[in-house]
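K.L.:
Okay, structure incoming, though there's no sequence with it:
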Ligand code: MTE
């Protein structure tokens, strides 16, 4: 277990601990009980990671059938992760820091009715209800998701480009950034009693990042409504950035002039920068980002620059020092 630096608040988080060393004593004991030994551990296969055999027949059979090749992963032979893998292994700190506990704890989270207030530096502020959101369309995007913890998945989202929603409110020329805020409800979210985080969960994008074709609002998964544990009823998906940028359960979006401070940047600024573009060459202060463990696979893969979306997004950062601006 890497030592937590003394000047950082005790962030009780697997986010700051590589998965391979994060397994709790309980999980290790369970693995031992199952007769799994050092080989499984050395291969970094979490005892909790579900296997590919568990996709229910009800899941859509052809997750890679998105029409536009720009919006599906380009890895030869890539299959999307199974429904169970995607919905049983979640980071959602408002509910729990235990990835396996999130689905059950979030099961009764109330996501209807729901509204998202979009305002700030816009000409036409608007509160969107679920019908308004669904009227913005539903298309499929099969994206890689690379967590800063160095695991990854391929996920067939349903939803619409964020730019479509932003155009509805007409950002003014002063709007330079977009700030996203997640739901915060202590009565329904047991995780928010943690004093280590400055709730609510907040994230941000530069406006050109937010308007990019790839930047997506997901309202569904495998052709079904988005499960609570994945961020129902709507979450952001920014596939070239570490997964923590993809904020779940959004209730408020503001167009702003100054760079927003995210929950993670506030908790540990030297570890979780505003940009957080996936970059195999820039190690996290406490672990390498050069490789990743695709959930459902045994051996590690090389991590791709911008998570494989370099050709589509690199020009957003022309002239920027992405090492300094992590
Ligand atoms: N959004 C909220 N509101 N709360 C969270 O804890 N975790 C983030 C991101 N969005 C998080 C969140 C992290 S660290 C990751 S890796 C992804 O959600 C995980 O998404 P998934 O559970 O759908 O795989």
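P.N.:
Sure thing, it's come through. Note that the structure is predicted; figures quoted are calculated from it, not measured.
K.L.:
Could you work out the end-to-end span of stretch 191-209 for me?
P.N.:
30 Å (Cα to Cα, to the nearest Å).
K.L.:
Could you identify the helix or strand that succeeds the lengthiest strand in the chain?
P.N.:
With secondary structure taken from DSSP state E, the chain has its longest strand at strand 151-161. With elements assigned by DSSP states H and E, the helix or strand that comes after strand 151-161 is helix 162-169.
K.L.:
which helices and strands sit right next to that next one?
P.N.:
Here helix 162-169 touches strand 115-120, strand 126-129, helix 207-210, strand 216-221, strand 250-256, going by 3 or more Cβ pairs under 8 Å, 6 or more residues apart in numbering; DSSP states H and E. Where C-beta positions appear, they are placed from N, C-alpha and C, glycine not excepted.
K.L.:
quick one: which of the ones you listed is nearest residue 80?
P.N.:
Of all the helices and strands packed on helix 162-169, strand 216-221 sits nearest to residue 80, with 9.8 Å by Cβ to Cβ.
K.L.:
What is the helix or strand that comes right after the closest one packed up against?
P.N.:
Sequence order places strand 224-225 as the next helix or strand after strand 216-221, per DSSP H and E. Applying 3+ Cβ pairs under 8 Å, 6+ apart, we find strand 224-225 packed against no helix or strand.
K.L.:
in its sheet, what does the longest strand of the chain sit against?
P.N.:
Partner strands for strand 151-161, per DSSP bridges, with pairing direction: strand 139-146 (antiparallel), strand 216-221 (antiparallel), strand 291-294 (parallel).
K.L.:
Nearest to residue 197, out of the ones you listed?
P.N.:
Using Cβ to Cβ, the strands paired with strand 151-161 put strand 139-146 closest to residue 197, at 21.3 Å.
K.L.:
got the buried residues for that closest one?
P.N.:
Counting neighbours by 16 or more other Cβ atoms under 10 Å, one finds that the buried residues in strand 139-146 are 140, 141, 142, 143, 144, 145, 146.
K.L.:
Pull the contacting residues for residue 73.
P.N.:
Neighbouring residues of residue 73 by Cβ atoms under 8 Å, 6 or more residues apart in numbering: 64, 142, 143, 144, 154, 308.
K.L.:
Give me the neighbour count for residue 100.
P.N.:
Using other Cβ atoms under 10 Å, residue 100 is surrounded by 16 other residues.
K.L.:
Can you report phi and psi for it?
P.N.:
For residue 100, the backbone dihedrals (degrees, to the nearest 10) come out as phi -80, psi -20.
K.L.:
same thing with the one 3 residues further on?
P.N.:
The phi and psi values for residue 103, taken as degrees, to the nearest 10, are phi -60, psi -50.
K.L.:
right, and it touches residue 86 too?
P.N.:
No. Here residue 103 lies out of contact with residue 86, judged by Cβ atoms under 8 Å, at a distance of 10.3 Å.
K.L.:
Read off the pLDDT value for the residue in the stretch 101-250 of the chain that the ligand sits nearest to.
P.N.:
Nearest to the ligand in the stretch 101-250 of the chain, going by Cβ to the nearest ligand atom, is residue 243, at a distance of 2.7 Å. Looking at residue 243, its pLDDT is 98.
K.L.:
repeat for residue 152
P.N.:
97.
K.L.:
Next one: it from residue 120, what distance?
P.N.:
In this view, residue 152 and residue 120 are 33 Å apart by Cβ to Cβ, to the nearest Å.
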